[in-house]
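Student: Give me coordinates for this.
(6 chains, ligands or ions: 5)
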Amino acid sequence: MNWGSPAEFFAMGGYAQYVWSSFGVCAALMILEPILVRKRQSSILRVLRRERQAERLDSQ
Amino acid sequence: MSAIIAIIRRDLLLAMRRKSEVLTALFFFIIVVSLFPLGIGPESALLRKIAPGVIWVAALLATMLGLARLFAPDHADGTLEQMVLSPTPLGLLVTGKIVAHWITTGLPLVLLAPVLGIQFDLDTGALGILVLALLLGTPLLSLIGAIGAALTLGVRGGGVLLSLLVLPLYVPALIFGAGAVESHISGLGAGGHLSLLAALLALAVFFAPWATTAALRIALE
Amino acid sequence: MSAIIAIIRRDLLLAMRRKSEVLTALFFFIIVVSLFPLGIGPESALLRKIAPGVIWVAALLATMLGLARLFAPDHADGTLEQMVLSPTPLGLLVTGKIVAHWITTGLPLVLLAPVLGIQFDLDTGALGILVLALLLGTPLLSLIGAIGAALTLGVRGGGVLLSLLVLPLYVPALIFGAGAVESHISGLGAGGHLSLLAALLALAVFFAPWATTAALRIALE
Amino acid sequence: MLTATGLSCVRGERRLFAGLDLAVGPGEWLHVQGENGAGKTSLLRILATLSPPAEGEVRWQGEPVEVLAEDYRRAMLFLGHHGAVKEELTPLENLTLAAQLDGFELDEATALQALVRFGLRGREDLAVRFLSAGQKRRVLLARLAVRKAALWILDEPFTALDVKAVAMLSGLIEEHLAAGGMAILTSHQSMPLPNGRVLKI
Amino acid sequence: MLTATGLSCVRGERRLFAGLDLAVGPGEWLHVQGENGAGKTSLLRILATLSPPAEGEVRWQGEPVEVLAEDYRRAMLFLGHHGAVKEELTPLENLTLAAQLDGFELDEATALQALVRFGLRGREDLAVRFLSAGQKRRVLLARLAVRKAALWILDEPFTALDVKAVAMLSGLIEEHLAAGGMAILTSHQSMPLPNGRVLKI
Amino acid sequence: MNNPIIQWFKYGSPQSFYPLAGKMIPWFWTLAVAFGLAGLWISFFVAPTDFQQGEGYRIIFIHVPAAWMSMFLYIVMAFWAGIGLALNTRLSGMMAQAIAPTGALMAFLSLWTGAIWGKPMWGAWWVWDARLTSALILFFLYIGFIALQAAIDDPRRADKAGAILALVGVVNVPIIYFSVKWWNTLHQGASVSLTRAPSMATTMLWGMLLMALAFWMYSIAVSLMRVRAIILEREAHTEWVKNLPEIQGKSS
Ligand code: HEM
Ligand SMILES: Nc1ncnc2c1ncn2[C@@H]1O[C@H](COP(=O)(O)OP(=O)(O)OP(=O)(O)O)[C@@H](O)[C@H]1O
Ligand SMILES: Nc1ncnc2c1ncn2[C@@H]1O[C@H](COP(=O)(O)OP(=O)(O)OP(=O)(O)O)[C@@H](O)[C@H]1O
Ligand SMILES: [Mg+2]
Ligand SMILES: [Mg+2]
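Tutor: Ligands and ions are numbered 1, 2, ... in the order given. Next up, the predicted model:
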């Protein structure tokens, strides 16, 4: 174990801004990407469901 | 006034439709800037020295490439004829189109320039001056470019002729723009260069839309 | 074979008719090269150092500007359809068009380069290498560029998208081309760079017409 | 009332027509006829102030059109060989934007109605690029239904249209004339409309 | 003999036609009819191998056209909505170069004769850019007179032509059919030619 | 048509792949998270401080996996594109299209983390080093591919044009890589050179490998999710899509 305390951990031996901005951006983008893909999926699903409903209403 | 806004909205809508056009102008800027180190070599002292010049030349070329499409599509499909025939004064419509052109090509360049400056190892102060100079310079490029675009409209080989006409006119913007950053780096202060740039911009704002309108009328005759 | 010659003759005839197009590509080359001293400043030691890089980047941009018009006019007026339908294999016609493109844009650049090199104070040996490198490099640029031109045919925002696709592929040509002159100047000899350039050219001669033809067929589908 | 006196038109070394007089009053229309290359398009462009005549004068309500400028342009609608439609935009957007350029707001309902009238139902939201030759033409013509103008100048409006569309356009022109409008058309086919006069070039 | 079986065409999400069969033999011609946007141009492009059908097959003399490739292209001449003429070149140059692309040499006398036949006397050396809409079209059609092909596929060949030119083109097609040629045309007007069949889409 | 390989690809039709991908996605997510947590634990708590670079070197644990993935994904993308072009299968084009944005993301991450690492190590955000330059060009190639496909409306045409570009790119990536390397090493006096990490301790190697696995699983999971969305968009009007349970409204 390299770290004496959480503060020391977050300080990263003086390299905090570099280490955390790399890891931070990496994590942010890797969380953002699946969310965006999900949104794309659900929006197309929504359109398809609406069309389906309209079709049903039409045929009634 | 509402006609100006309508035409800006229309051009932005068209730009959104052809999203790739705006984005690729940006990437063109990035790529051209990145090509120079490849041609010249990786020594960072040398690169820092040529950085402002390279970024300005690239901005100039990126603006210029988009110019050909400022009036040409409207000309080709007859919309321009309809604009001339429209009751709204042509000058207003033209101003709107120039503003839209700046928003879609000039502004993104300004926002991106600092990133490229970092690649050439410029410091924060120099980056600030670079952005300021581009903020004054890119509208100037759009305004001057519009005259050239109108003059070469429907002319054979228009695209390249356009650059021939416009590039010499861009020289003052280039000299003062790149000069501002250089003289800041060499400790002389950028004030003089920037105010000259601002004066040129003011001149162009009054003069360019008029000249463009006249040129368009000639092109359509 | 006679079809290749016919299409080269046709494209040269068209180029003669639109004389301004060929000339302005040349002037574009000259102007871009001349902009640099304006953007960077007049120190001749610095200029000599960046000369090969700047000339090559300018050659690259000048070639690229003409690319958009390699297939687009033929596409717009339906001639390309007729070419696909012609009994002559499309690959031959495409090769002919690429050759014509090189004759009208690449060759003039090669001939003009020494003059510009003198402006940057290069010596005779370096000028010779510069011309040799361009002689090998410009056909490569035309060949690679043709692929990009075919891929972006009829696509929205084609012109700038084209440069986005093509410029990264131009990087090896740029590096070896500018590198040849630089390593000659620094006394290392240009042989290695030049033979790599020749190898790339040989590769492209076999590969590019095929890829271009495939892309054209897709564009017309 | 549009009148033109002593018009002549020169292209290159060739004089296409000379000493041409014409007049169109409310409710009347003029059918400009002539062989290919006779100068019909050239004449229409002169009347629309898109190019100046070599000699002669065009007057609108008695005033020269150069003097009237905007007032004449507001009263006139010119549709030429060219599409004047944006291939990237949908028919609906094309129509709305054309209206804005002409200085008026077009609400969506009216625009939709005009498009449906021109048989473009189901294509309102498809980029014009995908439309067939005749459908492109219909998008252009839909402007006739939404913009008010006293004088219509139409260059071969029936090109590429099918039989139904031709009938519909004729109907539209007839309405326009009945409401006191004027029209100047070219077409290589004969048109069964009332109050027409033929001008042979 | 051109035969097509079970052709269908899909554009975007829309099925334009399906299960379409057609056959054209020597001396026969087919008039493809349909509303604007019905899919006539799309069908002609499929028959000319410019785009592949979604389903079905096109055969020439019993062989699939993809297999024949060049042999089919040599036997076929397609003229579409587009000009396929270079605006910068003169009619004469356009004609000669088109011939070279098709792989044969055209001597000047024959080319001139074809142009004169299409009423372009005096315009041989004027850049096409300056010609009127109908004259441009005539330059394109002059190819029909110089290139031998067994099958003509013409998309709205009569657009922009005046009465005289229409008669002349009809005459040309009639000659072609009489000599055992085949033709597939679209047009919104009716055409008085013998041996015709109508295909409604 | 009786070729067994073609049969196999026909079986891999969008219709049968869509539910299959749906089932696989949770597994890959689980694996990605598991490897990721293990990798992060090693990178922050097990791996020792580097005696030269201090704690700053820990960026390596995302930098190198991102760089590897950016190159690997390009090859995978080109592979699918080439299959699509050769065998004319619908799914392959969609796969290529689904991989591209993730590949671009990885290329961006390697650039970003590398640039940030460069500041403390070399004193500059960016130097024109061979590896950096070719990574940048790879990023441009991704962007070009995405832009080209976005600019073409007809999806089938977009697939084919993209495939040609990807294949041309695959031929060029090694050429570009070596040319840049040559350019850089032939040139005397690059003021900074990449300080090679000292021979890596085994723990560091383990950390990197675990992180690389995590990135790999992540890429697969996201690409599968995206390909599902693309399938729905492109096949929106086919019967099988209309009959999907999630559209029939049974599941929602
Ligand atoms: C923007 C800057 C950077 C970029 C684009 C970049 C790109 C890359 C690429 C593409 C690789 C994989 C190469 C391969 O496996 O052959 C890599 C690996 C690596 N990079 Fe970077 N890098 C950057 C900055 C840095 C910095 C600043 C350091 C350390 C001081 C560094 C250290 C490493 C190490 C240790 C490896 C793995 C070594 C190996 O696999 O041989 N990188 N980088
Ligand atoms: N520079 C020039 N030199 C000689 N003749 C010219 C020149 N420019 C145009 N022309 C001629 O002027 C005429 C232009 O005619 P215009 O386009 O007005 O014809 P149109 O009546 O509309 O014909 P169409 O029915 O074919 O549309 C053509 O005959 C053309 O050949
Ligand atoms: N992406 C798309 N989505 C939906 N419909 C499309 C798409 N692309 C084309 N279409 C439709 O396909 C049809 C194309 O028809 P085509 O050009 O073959 O018509 P045509 O019969 O030649 O008509 P015209 O008489 O007007 O020339 C049009 O109805 C058009 O709206
Ligand atoms: Mg006309
Ligand atoms: Mg049609």
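Student: Where does pLDDT dip in the chain?
Tutor: Because you didn't say which chain, this covers chain A. A:1-2, A:60 (pLDDT under 70).
Student: should've been chain B
Tutor: B:1, B:18-21, B:156-160.
Student: which SS state does residue D:58 fall under?
Tutor: strand (DSSP: H, G, I helix; E, B strand; the rest coil).
Student: ugh, typo on my part, it should be residue D:17
Tutor: Strictly by three-state DSSP, residue D:17 counts as strand.
Student: roughly how far apart are the closest residue to residue B:105 other than its chain neighbours and residue C:97?
Tutor: If the residues on either side of it in the chain are set aside, residue B:105 comes closest to residue B:66, at 4.6 Å by C-beta to C-beta, 6 or more residues apart in numbering or on different chains. Backbone N, C-alpha and C define where each C-beta goes, glycine included. According to C-beta to C-beta, to the nearest Å, residue B:66 stands 26 Å off from residue C:97.
Student: just residue F:135 next, same as before
Tutor: Taking C-beta to C-beta, one finds residue F:135 at 35 Å from residue C:97.
Student: State whether residue D:3 is indeed within a strand.
Tutor: Yes - assignment of residue D:3 by three-state DSSP places it within a strand.
Student: buried sites along the longest helix seen in chain D?
Tutor: Determined from DSSP state H, the single longest helix within chain D is helix D:163-178. For helix D:163-178, the neighbour count (16 or more other C-beta atoms under 10 Å in any protein chain shown) marks D:165-166, D:168-169, D:172-174, D:176-177 as buried.
Student: near chain E, from those residues?
Tutor: D:165-166 (C-beta under 8 Å from any C-beta of the partner chain).
Student: Turn the buried residues of helix D:163-178 into a markdown table, including pLDDT.
Tutor: What follows is the buried residues of helix D:163-178, written out as a markdown table (pLDDT from 0 to 100):
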| residue | pLDDT |
| --- | --- |
| D:165 | 90 |
| D:166 | 90 |
| D:168 | 90 |
| D:169 | 91 |
| D:172 | 91 |
| D:173 | 92 |
| D:174 | 92 |
| D:176 | 93 |
| D:177 | 93 |
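Student: More neighbours: residue F:135 and residue C:97, which one.
Tutor: residue C:97 (26 against 21; other C-beta atoms under 10 Å in any protein chain shown).
Student: what helix or strand is that one on?
Tutor: Using DSSP states H and E, residue C:97 sits in helix C:90-101.
Student: counting contacts, what elements does that helix pack onto?
Tutor: Where contact means 3 or more C-beta pairs under 8 Å, 6 or more residues apart in numbering or on different chains; DSSP states H and E, helix C:90-101 is packed against helix C:2-17, helix C:44-76, helix C:79-85, helix C:124-151, helix C:191-220.
Student: So residue D:39 sits against residue D:17, correct?
Tutor: Yes - the criterion here is C-beta atoms under 8 Å, and residue D:39 meets it with residue D:17 at 5.2 Å.
Student: which neighbours do those two share?
Tutor: D:9, D:201 (C-beta atoms under 8 Å, 6 or more residues apart in numbering or on different chains).
Student: any idea how far residue D:124 lies from residue D:165?
Tutor: Relative to residue D:165, and taking C-beta to C-beta, residue D:124 is found at 17 Å.
Student: Which residue does chain B have closest to chain F?
Tutor: Closest to chain F within chain B is residue B:42: 3.5 Å, counting by C-beta to the nearest C-beta.
Student: Am I right that that residue is in contact with residue F:127?
Tutor: Yes - with contact defined as C-beta under 8 Å, residue B:42 counts as touching residue F:127 (6.6 Å).
Student: Could you pull out the helices in chain A for me?
Tutor: Using DSSP H, helices in chain A cover A:6-11, A:16-59.
Student: The residue of chain B most remote from its centre and residue F:120, how far apart?
Tutor: Distance from the C-alpha centroid of chain B, by C-alpha atoms, centre = their mean, peaks at residue B:43 (29.6 Å). To residue F:120, residue B:43 is 22 Å away according to C-beta to C-beta.
Student: cool, residue B:80 as well?
Tutor: 56 Å.
Student: So which of these two has more stuff around it?
Tutor: residue B:80 (24 against 17).
Student: who's in contact with the residue lying closest to residue B:74 once chain neighbours are set aside?
Tutor: In space, and not counting its chain neighbours, residue B:74 is closest to residue B:80: 4.4 Å by C-beta to C-beta, 6+ apart. Residues in contact with residue B:80, defined by C-beta under 8 Å, 6+ apart, are B:71, B:74, B:153, B:216, B:220.
Student: And the helix holding residue C:97, what's buried?
Tutor: So, applying 16+ other C-beta under 10 Å, buried residues of helix C:90-101: C:90, C:92-101.
Student: Run the chain-centre distance for stretch F:90-101.
Tutor: The chain centroid and the centroid of stretch F:90-101 are separated by 12 Å under C-alpha atoms, centre = their mean, to the nearest Å.
Student: Check stretch A:34-41 too.
Tutor: Relative to the centre of its chain, stretch A:34-41 is centred 9 Å away, using C-alpha atoms, centre = their mean.
Student: same thing with stretch F:54-72?
Tutor: Using C-alpha atoms, centre = their mean, the offset of stretch F:54-72 from its chain centre is 14 Å.
Student: again with stretch B:147-166
Tutor: For stretch B:147-166, the distance to the chain centre is 15 Å (C-alpha atoms, centre = their mean).
Student: and if you look at stretch B:25-45?
Tutor: 19 Å.
Student: cool, and stretch F:75-91?
Tutor: Counting by C-alpha atoms, centre = their mean, stretch F:75-91 comes out at 16 Å from the chain centroid.
Student: Quick check, residue F:109 in contact with residue A:29.
Tutor: Yes - at 6.7 Å, residue F:109 and residue A:29 qualify as touching, with contact defined as C-beta under 8 Å.
Student: ok, those two, which is more surrounded?
Tutor: Between residue F:109 and residue A:29, residue F:109 has the larger neighbour count (other C-beta under 10 Å), namely 23 against 14.
Student: Tell me how far the more buried one lies from ligand 3.
Tutor: Look at residue F:109 and ligand 3: by C-beta to the nearest ligand atom, to the nearest Å, they are 36 Å apart.
Student: and that residue, what are its phi and psi?
Tutor: With angles defined as degrees, to the nearest 10, residue F:109 sits at phi -60, psi -40.
Student: element containing the closest residue to it other than its chain neighbours?
Tutor: Once flanking residues are discounted, residue F:109 sits nearest to residue F:66: 4.0 Å by C-beta to C-beta, 6+ apart. Per DSSP H and E: residue F:66 is located in helix F:60-87.
Student: Could you do residue D:120 as well?
Tutor: Using DSSP H and E, no helix or strand contains residue D:120.
Student: next one: residue D:152
Tutor: With DSSP H and E as criterion, residue D:152 is part of strand D:151-155.
Student: and residue F:239, how many neighbours does it have?
Tutor: 8.
Student: swap that for residue F:74, please
Tutor: 24.
Student: isn't it right next to residue F:170, touching?
Tutor: Yes - shown here, residue F:74 and residue F:170 form a contact pair, counting by C-beta under 8 Å, at 7.3 Å.
Student: Could you check the pLDDT of the residue in chain D positioned nearest to ligand 3?
Tutor: In chain D, the residue found nearest to ligand 3 is residue D:134; the distance is 2.6 Å by C-beta to the nearest ligand atom. pLDDT, residue D:134: 91.
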